[in-house]
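Asks: With the sequence up front, the predicted model follows.
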Amino acid sequence: MRNKIFFSLFPFVLFFTGTMDKTLFDIGKMKITTYITTLLVIFISIFMGCNSNSNQYAEILSKSLIVLPKAEEVQRTEIDGTTQIFYNLKEIYPASKSIDLIETQLKSMGWETLKYDELNFSAPTALVTGWSKTKDPKLGTEDEAHIWYSIWKNINGDYIKYHFQYFSPEGQITEQNSLRVAVVYVPSKVANEIKSKVKAVIEKQ
């Protein structure tokens, strides 16, 4: 009797077991699908966030390489991992308006101006010396070179240098309005390499 009951129920048991296995499989499949979907969402969110931060950082750097209004003969080049921009400007010495604009814009983007150039044997910058003057033998004249030089650093260890220069006959700088500007961006990786070389030179002395 028991055998008859068992065999009579056997098809139902098989059906129920098969259905249960299928249900469990479907549930497992749903869990795996949900898990994979969650991972994809997380990955995409991280990727988009990183991409957004990267774009934002690139935009900040771009705005930090300031080409002043009415600049002429603008040249841009990439040398040894650095970005360099050169241009001419018509502004009467000592170019206070342009200097104020650069300082205001860089400070607003988190750059800090340094008293000493960490990439050039701690040479004093304009923050210490103000405008300085020198005679350059390469010019082949008695003209003086008047220089304003600053270096800036951000929290990522990147550097930006701004170099203003006038040339004039001795004692006639107040009459000059032909300003030459150079801007140099040095990313942290390159900056660290330069500092290591500077350190090595100092240690040999």
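Replies: Structure received.
Asks: can you give me the strands in this protein?
Replies: Under the criterion DSSP state E, the chain carries strands at the ranges 72-79, 82-90, 112-113, 116-117, 123-124, 132-135, 144-153, 159-168, 178-186.
Asks: Give me the sheet partners of the last one and which way each runs.
Replies: The reference is to strand 178-186. strand 82-90 (antiparallel), strand 159-168 (antiparallel) (DSSP bridges).
Asks: Please work out the average pLDDT along it.
Replies: Averaging pLDDT along strand 178-186 yields 96.
Asks: Can you name the residues in contact with it?
Replies: For strand 178-186, the external contacting residues (C-beta atoms under 8 Å, 6 or more residues apart in numbering) are 61, 64-68, 71, 81-91, 93, 95, 98, 119, 158-167, 194. Every residue, glycine included, has its C-beta placed from N, CA and C.
Asks: How about Lys161: what's its closest non-neighbour residue?
Replies: Val184 (4.3 Å; C-beta to C-beta, 6 or more residues apart in numbering).
Asks: Correct me if wrong: Glu170 contacts His146.
Replies: No: assessed by C-beta atoms under 8 Å, Glu170 is found out of contact with His146, at 10.9 Å.
Asks: Looking at the two, which is more packed in?
Replies: Neighbours were counted for Glu170 and for His146 using other C-beta atoms under 10 Å; His146 has more, 20 against 10.
Asks: how far away is the closest residue to the more buried one other than its chain neighbours from Tyr185?
Replies: Distance criterion C-beta to C-beta, 6+ apart; nearest residue to His146, sequence neighbours excluded, is Tyr166 at 4.4 Å. Using C-beta to C-beta, to the nearest Å, Tyr166 is found at 23 Å from Tyr185.
Asks: Same drill for the two, tell me which one is more crowded.
Replies: A direct count of neighbours by other C-beta under 10 Å for Tyr166 and Tyr185 places Tyr166 higher, at 23 against 20.
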